[in-house]
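**Student:** Pasted the sequence and its predicted model underneath.
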Amino acid sequence: MSPSVHSAFSNFVGSLVAIVSSLMQAIVALFQAILTFGQSVLGGVAQLGQTIIQLGLDLFQGVAGFIFANFFILLILGGGYYWWSTRAQGRGGRVSTRK
């Protein structure tokens with residue numbers, strides 16, 4: 001009876017070790033997947049930034065690009081001022097009169 005109890009206990013301990021080992025491997029794999037996902041997201045954001053900068057450099061080269069860039073900046077500033085002024089009027093730009 002002793003050898004069978006000993007072998008059963010040995011199998012039980014071996015199974016527990018295998019379960020713990022599998023859980024640790026799963027945790028490490030999950031951590032690695034999270035890091036890989038973060039690296040992919042940051043790489044994509046960096047690539048998008050480089051693409052936008054390259055677009056701006058390609059678009060605004062030469063004299064025609066200079067003129068277009070000035071027109072574009074004026075358009076952005078004018079649109080921003082219009083948005084800001086209409087937003088300010090809707091928030092509290094009205095003067096209330098009391099009697």
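**Tutor:** Sure thing, it's come through. Residues are numbered from 1 along each chain as shown.
**Student:** ok, T51 to V28 distance?
**Tutor:** Here the criterion is C-beta to C-beta, to the nearest Å. By it, T51 lies 34 Å from V28. In this view, the C-beta of every residue, glycine as well, is placed from N, C-alpha and C.
**Student:** Remind me which helix or strand the residue positioned nearest the centre of the chain belongs to.
**Tutor:** The centre of the chain sits closest to V41, judged by C-alpha atoms, centre = their mean, with a distance of 5.8 Å. Per DSSP states H and E: V41 is located in helix 2-59.
**Student:** where's the helix or strand bottoming out on mean pLDDT in the chain relative to the chain centroid, distance-wise?
**Tutor:** In the chain, the helix or strand scored least confidently by mean pLDDT, DSSP states H and E is helix 62-92, which has a mean of 84. Centroid separation for helix 62-92 versus its chain: 28 Å, with C-alpha atoms, centre = their mean, to the nearest Å.
**Student:** Next: stretch 22-32.
**Tutor:** 24 Å.
**Student:** Next, count neighbours for A69.
**Tutor:** 14 (other C-beta atoms under 10 Å).
**Student:** distance of it from G56?
**Tutor:** Counting by C-beta to C-beta, the gap from A69 to G56 is 9 Å.
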